[in-house]
Each structure stands twice: as structure tokens, then as C-alpha cells.
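Chemist: Would you be able to build a 3D model of this:
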Amino acid sequence: MALCYRLLGGRQLCRSLARNLYSQPCRCITLKVTKIESPVNETHDERNARLGRPQSPHLSIYKMQLTSMLSITHRMTGLALSFYMTTLGLGTLVSPYQFTDFITWMQELHLNPVVITAMKAMMAFPLAYHISNGVRHLVWDLGKALTIKGVYYTGYAMLTASTIVTAWLLSL
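Modeler: The predicted structure follows:
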């Protein structure tokens, strides 16, 4: 219809063509826009209750599984490693001292061996866990161990490997 109007240049001509084509008169339609008033200070949950929408149980019915816990832990260790590397990297860039000065300073504190071991574990475990879980993901990328039994087997193997590597790093 718009093409007809542009090409032939006239509203009357287009209306007569439309009457002939559709055998009924054209009618104009206008829409009235109305604004729906939402209640003031209504929370999301209150609005859903007012509208009768069911509330999803979300995590209250979710059973924690090994796979989900390993995935969450993988992300948390990645964040911890990023934090450690950023802090240590920026610290060595802006510090006027050498790294050996910090080691000497830590030795002069005469900390309890339990505290030193805990601090080393806080650095070693995220590294060992993240690397061993990365190897697990590389195995999956090869198309291996993608069954439920394989996923659980590699999960337990990864936990064992990360524990061994952490113990080895603590012994250094």
C-alpha cells in the first residue's frame, strides 16, 4: 500500500485500489496508550505474591553434588590465585625493597611453625587444586571420562592429586 502511494502519488488512488483489492473499505485504527500504575515500594517478592506467581525453591531443595562443589572450588581457587599473583606482582613493582628483604623480615618474626605451615598451605593448595583440575578438564577436552562414573572418578583422583601436591609443596 505504501509503495502504491509513493509510485502513483495519491491517497485517493490508493484507497480505491485497496477497496478493489480487498473488496471492503479501509478503516482507521487508533491505539490508546494507557499507563499501568505499579504499587509504590513493592518488592519483587511482594509483586509475585500479589500476582499469584509461585516462588521457586532455588537452593533450598538442591542437593549438593561432588561435581558442583568441585566446580565452585575451582572458581574460588582461580580467584585466590589471581589475587595472590596480582598482590605479589604489584607489591614487588612498587616496593623499594628486594624480595630477599621480605624473606629476611619473615624469618626475623620467629613465627610458630604451625602458622608458617598454614600460610604455605594457603598459597600451595589453590595452586595444586587449580592445576590438577585443569588437567582434569584437559582430559575431558580429549573426550575421555565424560560418563558419570568417569566424572566422579576423575574428581576423586583430582582431589587426591591436589592433596599430594600440596603436601609435597609444604615439605619444601
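
Chemist: Tell me which helix or strand the residue sitting nearest the centre point of the chain sits in.
Modeler: Nearest residue to the geometric centre of the chain (CA atoms, centre = their mean): Arg75, 8.9 Å. Arg75 is located in helix 66-94, with elements delineated by DSSP states H and E.

Chemist: what about that helix, distance to the chain center?
Modeler: 15 Å (CA atoms, centre = their mean, to the nearest Å).

Chemist: Then stretch 95-111?
Modeler: The answer for stretch 95-111 is 38 Å, by CA atoms, centre = their mean.

Chemist: residues in contact with the closest residue to Ala121 other than its chain neighbours?
Modeler: Nearest non-adjacent residue to Ala121, counting by CB to CB, 6 or more residues apart in numbering: Leu170, 6.1 Å away. Glycine gets a C-beta too; all of them are placed from N, C-alpha and C. Each residue near Leu170 by CB atoms under 8 Å, 6 or more residues apart in numbering is listed here: 117, 120-121, 124.

Chemist: Tell me the buried residues within those residues.
Modeler: By neighbour count, with 16 or more other CB atoms under 10 Å, the contacts of Leu170 hold Ala124 as buried.

Chemist: Pick the one among the contacts of Leu170 closest to Asn48.
Modeler: Comparing these against Asn48 with CB to CB places Ala121 closest, at 45.2 Å.

Chemist: so that closest one touches Trp168, yeah?
Modeler: No. Judged on CB atoms under 8 Å, Ala121 makes no contact with Trp168 at a distance of 11.9 Å.

Chemist: before we move on, the earlier item: may I see the buried residues of the helix holding Arg75?
Modeler: 70, 73-74, 77, 80-81.

Chemist: Same check on stretch 140-151?
Modeler: 145, 151.

Chemist: Can you get me the start-to-end distance on that stretch?
Modeler: With CA to CA, to the nearest Å as the measure, stretch 140-151 spans 9 Å from end to end.
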